[in-house]
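Peer 1: how would this look folded up:
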Amino acid sequence: MADKPVPTGLALTPLDEHFRADPYPVLKDLREREPAHHDTELNRWFFCEYSEVKRILRDPDYFTDPHKSRQDSFARFLLRGMEDGEEVSMLLADEPEHKRLRNLVNDIFTPKAVRTWHDRIVEVIETQLEKITGPEFDLIADYAGPVPTVVIAEMMGIPAERHADFKAWSDTVVLSSFNPAPTEQDIAESEVARDKLCAFFREQIEARRAEPGPDLISQMLAAEVDGERLSDGDIVNQCNLLLVAGNVTTTDMIGNGVKALLQHPEQLKKLRANPELVEAMVEEVLRYDSPVTNSGRISHQGIEIAGCPIRKGESLNVSLAAANRDPLVYDNPDTFDIERKLIPHQAFGGGRHHCLGASLARLEGGEAILRLVQRFPELTLSERGFQMAGIPAFRGMTECWLRTG
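Peer 2: Down below sits the predicted model:
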């Protein structure tokens, strides 16, 4: 073991084929040998232990705005494609801007507000299930991809004929935005897709301003807290965030959940026999194979973490995937168990940047997974198999072929 190099750099991203296939042995090795790892290849500090990940995410002093990071830091690539001085989205904003934005949209995504969409979400799921007619189908292209795309597009009031455009644009933006080593083609295609998304959202904002409706864009236009309102730019950023961060990750959660159940038939049998386990199943999927594997902060001053001196502006990259399988927190962490005693996982991040869309993702994912396995009682993985995606910070599949019987 001492002669084996500590995994670092691209070996800790799905751009590496071994990590892409199964990151958990790699993360386990790093957590045991160097839980506070200085990744000089990608200019970041990488943390694997649950306790440290949780503490870093919840420390209110750390920055998230990449503008405040060192010029050579890992966080800097998140600004790629942005114009000088362009404001970051709520996902990366610091206080007080983050608090202003969060307060203005928070009521739209509370558990109570999300539940009002339950019946329509179920209708979207059932409609997509009706389209699965062959003995084999691609879980991602035919189900896990379309469901969240249609749901979020309908919540925004976007016409059905534009749903496919949104899926293509959001997938393209993600491919480059979270990639530390994109090709020139990736960057160019991402910029084109991003420009198209922003232009379309501005058109939709003007349409809702002239004729408001019950959709999210209209609600964001009407939102007001202590005299503060969202600008058009704020709304465009929030719409982009919903499509890129929320849409793609929900697709991955559905895909990862179905795959985990099919690979553990005893757990699938429990779920079918006891559908009330659906909420616990969702939490275990999020812990066992989270669709978001990494998050991060930026050191606000010279600090020390786990005995390591860290300069101001350094990238603090935390592995949610490693934390969610820390044996100091979870018994048998590599075991998929939908009856596991619920222990808070880190799949939705933490602190002030805890995922705003967590309630929506849980509702969509639970209903989509449960209704699929109930509709097809003999569902199995096809011999055609599945392909994992290579998008850093995310874990999902580009395709996953299933047989209905």
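Peer 1: for Asn237, which non-adjacent residue is spatially closest?
Peer 2: Counting by CB to CB, 6 or more residues apart in numbering, Ser89 is the residue found nearest to Asn237 once chain neighbours are left out, at 4.2 Å. (C-beta placed from N, C-alpha, C; glycine too.)
Peer 1: point out where the protein drops to low pLDDT.
Peer 2: For the chain, the stretches flagged by pLDDT under 70 are 1-2, 78-86, 175-181, 244-245.
Peer 1: who are the packing partners of the strand ranked longest in it?
Peer 2: Counting by DSSP state E, the longest strand found in the chain is strand 380-388. If you count contacts as 3 or more CB pairs under 8 Å, 6 or more residues apart in numbering; DSSP states H and E, strand 380-388 packs onto helix 248-263, strand 397-403.
Peer 1: with respect to Ala141, which of the ones you listed lies nearest?
Peer 2: Minimum separation from Ala141 across those (CB to CB) falls at strand 397-403, 6.7 Å.
Peer 1: convert that closest one to CSV, retaining C-alpha atoms only.
Peer 2: Output in CSV follows, covering the C-alpha atoms of strand 397-403 (Å, rounded to 0.1, in the frame of the first residue of the first chain):
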residue,chain,number,x,y,z
MET,A,397,-25.5,7.5,-16.8
THR,A,398,-25.6,8.4,-20.5
GLU,A,399,-27.7,5.2,-21.2
CYS,A,400,-29.1,2.3,-19.2
TRP,A,401,-30.9,-0.4,-21.1
LEU,A,402,-33.7,-2.3,-19.3
ARG,A,403,-36.0,-5.2,-20.2
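Peer 1: and that strand with helix 248-263, angle?
Peer 2: 40 degrees (axes from the mean of the first three to the mean of the last three CA atoms, to 10 degrees).
Peer 1: coming back round to it: report the angle between the axes of the longest strand of the chain and strand 397-403?
Peer 2: Using the same axes, to 10 degrees, strand 380-388 lies at 170 degrees relative to strand 397-403.
Peer 1: tell me the strands beside strand 380-388, with direction?
Peer 2: Strand pairing for strand 380-388, determined by DSSP bridges: strand 397-403 (antiparallel).
Peer 1: ok, and what's touching the strand it pairs with?
Peer 2: With CB atoms under 8 Å, 6 or more residues apart in numbering as the test, strand 397-403 has contacts from 135-141, 144, 252, 255-256, 258-259, 262, 378-389.
Peer 1: pull the contacting residues for the nearest residue to Glu378 once chain neighbours are set aside.
Peer 2: Excluding its sequence neighbours, the residue lying closest to Glu378 (CB to CB, 6+ apart) is Gly405, at 4.3 Å. With contact set as CB under 8 Å, 6+ apart, Gly405 has these partners: 135, 376, 378-379.
Peer 1: for those, which one is nearest Ala36?
Peer 2: When those are compared for distance to Ala36 (CB to CB), Leu379 wins out at 42.3 Å.
Peer 1: burial measure for that closest one, as a count.
Peer 2: Neighbourhood size, Leu379 [other CB atoms under 10 Å]: 18.
Peer 1: same thing with Leu15?
Peer 2: Neighbours of Leu15 under the rule other CB under 10 Å: 17.
Peer 1: part of a helix, is Ser218?
Peer 2: Yes: using DSSP: H, G, I helix; E, B strand; the rest coil, the assignment for Ser218 is a helix.
Peer 1: and it, how close does it get to Ala207?
Peer 2: Taking CB to CB, to the nearest Å as the measure, Ser218 falls 10 Å from Ala207.
Peer 1: the more surrounded of these two?
Peer 2: Neighbours were counted for Ser218 and for Ala207 using other CB under 10 Å; Ser218 has more, 19 against 14.
Peer 1: got a list of what the more buried one touches?
Peer 2: Listed by CB under 8 Å, 6+ apart, the contact set of Ser218 reads 157, 208, 212.
Peer 1: if any of those are buried, put those into a PyMOL selection.
Peer 2: Per 16 or more other CB atoms under 10 Å, the buried members of these correspond to this PyMOL selection:
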select buried, resi 157+208
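Peer 1: buried stuff in the longest helix along the chain?
Peer 2: For the chain, the longest helix by residue count, based on DSSP state H, is helix 184-210. Within helix 184-210, the residues that count as buried by 16+ other CB under 10 Å are 187, 189-191, 193-194, 196-198, 200-201, 204-205, 208.
Peer 1: one more: stretch 279-290?
Peer 2: Of the residues in stretch 279-290, 280-290 count as buried by neighbour count, 16+ other CB under 10 Å.
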